[in-house]
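In: Structure of the sequence below:
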Amino acid sequence: MKNSILILVFCLFIACKTDKKNDSPLQSAPPTKIEINHAKGFSIETTNNGLTIIEVSSAWPGATTSFKYALAPKNKMASITLNKEEYDAIVATPIERLIVTSTTHIPSLDALGVTNKLVGFPKTSLISSENTRKLIDAGHIKELGNNETLNTEIAISLRPEVLVGFGINNQNKAYETIIRSNIPVVYNGDWTEESPLGKAEWVKFFAPFFGLETKADSIFKSIEKSYEQTKAIVKDVTKKPTVLTGGLYKDVWHVAGGKSWMAQFLQDAKTDYLWKETQETGGISQSLETVLATAQHADFWLNPSILTSYAEVEESNEHYTQFDAYKNKTIFSNTIAKGATGGLLYYELGPMRPDLVLKDLIHIFHPELLPDHQLFFFKPLE
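Out: Got it, this is the predicted structure:
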């Protein structure tokens, strides 16, 4: 009898240990990282209790502070304990109402099919997306002024569940007001990426706010495949045309740095970019004399400031006429293609569709390889 009792007690002890093990918190399991192959400015990981953690390490160029955001499913918010001190914002998902602040955010919303969730935007005239413009015209998306001086009264009245911010630093007082009104603000740093596919991959940043991670992954893989296939078209090219970029602004010529987004496109399009050896990721300030000495005989000239015709080029500065690209009519601009209210297509959709940008450039520099392509972002000067 004594042995039977001991065996029973032992079995109960083992059962209790097993139950205790099964009751351990789900969040103790290691998080799963979402695949990010090209973008360097953010990361995403998920826990097995449904929590998604987004960390933005490059909210603006030279940022030394990372921002950490927790996205928790609305149907699990009551059962998930979060340390508010650990996160810069906590967002209940999926969201139904949001504000974004850069035109580069619009194509991601369009691609994910959630543009109807957008309720406010600063400077709506800059938006070119036809789908979004219809919502603006219907009064669904409200005008919020300028990003730096956002109309916080209107923004707050729209009851957004999150505001996706854009900034050159963390000193935006309007965002501080929004946060004090218990509206989460999250930074998106897509514009800091230096590679064409790196910018496009930020579509994955938006996806967890709507529970559309699988769709975003599929969208990006399609863009990535198209870009790589387009790049392969010029793999055997040996003759590389020379290229000049930029134009004068207040007597300073800004050319694209050798590690910039534009320079990466020019490299992939098999050109000899005349500033390719420089290390800058943004623009480089040059004098007219320096640019003339380096690029007077360049085969092509891209993006001469906001000039859209050869007549404007000549009127703007007589020295422009000394460039071979002016004489040979081989100047192309990305500021000619505009939306219905004057927004520039290149700066809105270009980051999301680098494959189309590359096709434009290959058609310009190697027309025999893509003879039937219709230029979308870049247009020849009139």
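
In: in the protein, which strand has the most residues?
Out: Secondary structure of the chain read by DSSP state E shows that its longest strand is strand 67-73.

In: Go through that strand and flag the buried ones.
Out: Buried positions in strand 67-73, judged by neighbour count with 16 or more other Cβ atoms under 10 Å: 67, 69-73. Placement of C-beta: from N, CA and C, glycine included.

In: how far out from the middle of the chain is whichever helix or strand comes after it?
Out: Following strand 67-73 in sequence order, the next helix or strand is strand 89-93 (DSSP states H and E). Computed by Cα atoms, centre = their mean, to the nearest Å, the chain-centroid distance of strand 89-93 equals 21 Å.

In: And the helices in the stretch 101-250 of the chain?
Out: Ranges of helices within the stretch 101-250 of the chain are 106-112, 130-137, 152-157, 173-180, 196-200, 203-206, 213-232, based on DSSP state H, counting those that start in this stretch.

In: what domains does the record give for the protein?
Out: As given by automatic domain parsing, the domain ranges for the chain are 27-227, 233-380.

In: Would you format those as TSV with mean pLDDT included?
Out: Shown next, in TSV, are those (pLDDT from 0 to 100):
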stretch	mean pLDDT
domain 27-227	94
domain 233-380	96
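
In: Neighbours of the nearest residue to residue 102 once chain neighbours are set aside, how many?
Out: Of all residues not flanking residue 102 in the chain, residue 166 sits nearest, at 4.0 Å (Cβ to Cβ, 6 or more residues apart in numbering). Neighbour count for residue 166, taken as other Cβ atoms under 10 Å: 21.

In: Distance of the residue lying closest to residue 223 once chain neighbours are set aside relative to residue 382?
Out: Excluding the flanking residues, the one nearest residue 223 by Cβ to Cβ, 6+ apart is residue 200, at 5.2 Å. To residue 382, residue 200 is 30 Å away according to Cβ to Cβ, to the nearest Å.

In: which of these two has more neighbours?
Out: Per other Cβ under 10 Å, whichever of residue 200 and residue 382 has more neighbours is residue 200, with 27 against 10.

In: In this structure the more buried one contacts residue 353, no?
Out: Yes: contact criterion Cβ atoms under 8 Å: residue 200 and residue 353 qualify, at 7.3 Å.

In: Now list whatever residues contact both of those two.
Out: In terms of Cβ atoms under 8 Å, 6 or more residues apart in numbering, residue 200 and residue 353 are both contacted by the residues residue 223.

In: host element of residue 36?
Out: Applying DSSP H and E, one finds residue 36 in no helix or strand.

In: So what does it have for phi and psi?
Out: The phi/psi pair for residue 36 (degrees, to the nearest 10) reads phi -130, psi 110.

In: Just give the number of residues close to it.
Out: Neighbour count for residue 36, taken as other Cβ under 10 Å: 17.

In: shouldn't it be in contact with residue 201?
Out: Yes: counting by Cβ under 8 Å, residue 201 is a contact partner of residue 36 at 6.3 Å.

In: and the gap between the nearest residue to residue 39 once chain neighbours are set aside and residue 193?
Out: Nearest residue to residue 39 in three dimensions, chain neighbours excluded: residue 201, at 4.1 Å (Cβ to Cβ, 6+ apart). Here the criterion is Cβ to Cβ. By it, residue 201 lies 8 Å from residue 193.

In: These two: who's more crowded?
Out: Remark: of residue 201 and residue 193, residue 201 carries more neighbours, 26 against 22, as counted by other Cβ under 10 Å.

In: which residues touch that one?
Out: Listed by Cβ under 8 Å, 6+ apart, the contact partners of residue 201 are 36-39, 193, 220.

In: Redo these as CSV? Include distance to residue 285.
Out: CSV is the format used below for those (distance: Cβ to Cβ, whole Å):
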residue, distance to residue 285
36, 33
37, 33
38, 29
39, 28
193, 22
220, 34
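
In: Return the closest of those residues with respect to residue 111.
Out: Nearest to residue 111 among the contacts of residue 201: residue 220, at 9.2 Å, using Cβ to Cβ.

In: what sits against that closest one?
Out: Neighbouring residues of residue 220 by Cβ under 8 Å, 6+ apart: 200-201, 203-204.

In: With respect to residue 293, which of these is nearest?
Out: Nearest member of the contacts of residue 220 to residue 293, counting by Cβ to Cβ, is residue 200, at 36.1 Å.

In: list the contacts for the closest one?
Out: By Cβ under 8 Å, 6+ apart, the contact list for residue 200 reads 38, 220, 223-224, 227, 351-354.
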